[in-house]
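my questions are about this predicted structure, shown below with the sequence.
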Amino acid sequence: MRFLLQMYSPGDSIDSFHRTVYIFLCSSKNGCTEPPLVVRQQLPVTNAFYPEDPPSSYEDPNEAIEFEKNFQRQTMCAVCGYPGKNRCAKCRNTFYCSKECQLAHWKNGHKKRCNSQKPDTAPSNFLFDEYDLVSEEFDDKDIQTHKEFEEDDGDEIIDFDAAQAEADGIKQTFRDDNEPELRDEHKDDAEELVQELSDEKFQRWVSYFKEEPEQVIRYQRGGQYLTPKGWKNCDFGKCKNCYSEREFEFQLTPYLFTLCQVEEDIATILVAVCKNDCKTSVDGFVREYAVTICNEK
């Protein structure tokens, strides 16, 4: 699995003052069914890595420099980006987290680039291109009414759950009907209604991202998620650490998968986390939950 992104999103409790969610994803285009790996790590206000009080002004260069000096930097693995403490025995400039990464890097060109005079800065084929996340507010109040879809004329409100139940009822009638002609008629009605529902849901999905085509994350912790198939009820399960319920936090958008050139069938990935932000060890991670929603073929 390859590191995809990390989201710094502080929680409300003292124990989750510094809180980061990491996502790892299989980048194979061979239809891999392995779900994304989502882990959460957090630190309390008082910790060994960050000062309790942030710099009073980021405009003061001296204060920023002093802050950087006090920050405990880690050497990173040249292949996967994970903290690495093992050096290349020859050049002493390149670090790795494991023998597997070191061997892969050696075969991937470090053998030719290994130089004690300068570090090997060639980009790793294992890592995705790096981008900064820019946070901006977006008014999606229209999306909040996820049980309803207002037609263009504004007169009729369609309840998706009721409409889907109607479609299911038509299908059941089709199963129970003994008349071949009636069965065909019911079948056509069911297929037409299901297609109409699918089109409406998909158009709403398209119209939402049309407003911000380069959006890569839709963040709304404790809110409602959006899928191209409408509002899919997902069971996020319970936290494996404290057994509290998980809640939706954010979702990844199609544009992100286009940037990273990963599996083209992925429409979105829903990320759910422990509702209580349960405490983790200083160097430990808690595994959270992700649901992959694919485009219909």
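Sure thing, it's come through. Please read these numbers as outputs of a predicted model, since none were measured by experiment.

pLDDT weak spots in the stretch 1-150 of the chain?
Low-confidence segments of the stretch 1-150 of the chain, defined by pLDDT under 70, span residues 27-31, 54-61, 63-73, 139-150.

where do the helices of it begin and end?
61-70, 99-105, 111-113, 141-144 (DSSP state H, counting those that start in this stretch).

buried set for stretch 215-224?
Neighbour counts over stretch 215-224 (16 or more other CB atoms under 10 Å) mark 215-216, 218, 220, 223 as buried. In short, each C-beta sits where N, CA and C put it, glycine included.

so which of those comes closest to residue 119?
Nearest to residue 119 among these, counting by CB to CB, is residue 216 at 30.0 Å.

so who does that closest one touch?
Counting by CB atoms under 8 Å, 6 or more residues apart in numbering, residue 216 touches 131, 133, 252-253, 255-256, 259.

likewise for residue 45?
By CB under 8 Å, 6+ apart, the neighbours of residue 45 are 14, 17, 52.

and the first one, what is it in contact with?
Applying CB under 8 Å, 6+ apart, one finds that residue 14 lies in contact with 44-45.

in the stretch 151-297 of the chain, what residue spans correspond to helices?
Under DSSP H, counting those that start in this stretch, the stretch 151-297 of the chain gives helices at 160-176, 180-211, 254-260.

so which of the buried residues of stretch 215-224 is the closest to residue 26?
Nearest to residue 26 among the buried residues of stretch 215-224, with distances taken as CB to CB, is residue 216, at 18.5 Å.

and the spatially closest residue to that closest one that is not a sequence neighbour, how many neighbours?
With CB to CB, 6 or more residues apart in numbering as the criterion, residue 216 has its nearest non-adjacent residue at 4.0 Å, and that residue is residue 256. Residues within reach of residue 256, counting by other CB atoms under 10 Å, total 22.

what about residue 256, distance to residue 38?
Using CB to CB, to the nearest Å, residue 256 is found at 15 Å from residue 38.

do residue 97 as well
From residue 97 to residue 38 the distance is 20 Å (CB to CB).

more neighbours, these two?
Each of residue 97 and residue 38 has its neighbours counted (other CB under 10 Å); residue 38 has more, 22 against 19.

give me the number of residues near the residue nearest to residue 83 when sequence neighbours are not counted?
The spatial neighbour of residue 83 that comes closest, neighbours along the chain excluded (CB to CB, 6+ apart), is residue 74 at 4.8 Å. Number of residues near residue 74 (other CB under 10 Å) recorded here: 10.

please apply the same query to the one 5 residues further on.
Using other CB under 10 Å, the number of residues around residue 79 comes to 24.

tell me the contacts of it?
Per CB under 8 Å, 6+ apart, neighbours of residue 79: 96-97, 101-102, 104-105, 124, 126-127.

tell me the one of those nearest residue 276?
Minimum distance to residue 276 across those is 31.0 Å, recorded for residue 97 (CB to CB).

surely the closest one meets residue 83?
Yes - here residue 97 lies in contact with residue 83, judged by CB atoms under 8 Å, at a distance of 6.5 Å.

joint contacts of those two?
Joint contacts of residue 97 and residue 83 (CB under 8 Å, 6+ apart) are residue 77.

what's near enough to touch residue 18?
Neighbours of residue 18 in contact, by CB under 8 Å, 6+ apart: 8, 10, 42-44, 47, 49-50.

excluding its backbone neighbours, what's nearest residue 34?
residue 26 (5.0 Å).

what sits against the one you found?
So residue 26 contacts 1-2, 32, 34, 36, 263 (CB under 8 Å, 6+ apart).

those in strands, which ones?
Among the contacts of residue 26, the members found in strands (DSSP state E) are residue 2.

Throw the buried residues of stretch 215-224 into JSON lines and include pLDDT and distance to residue 203, thanks.
Written out in JSON lines, the entries for the buried residues of stretch 215-224 read as follows (pLDDT from 0 to 100; distance: CB to CB, whole Å):
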{"residue": "215", "pLDDT": "88", "distance to residue 203": "18"}
{"residue": "216", "pLDDT": "90", "distance to residue 203": "22"}
{"residue": "218", "pLDDT": "91", "distance to residue 203": "17"}
{"residue": "220", "pLDDT": "90", "distance to residue 203": "21"}
{"residue": "223", "pLDDT": "88", "distance to residue 203": "21"}
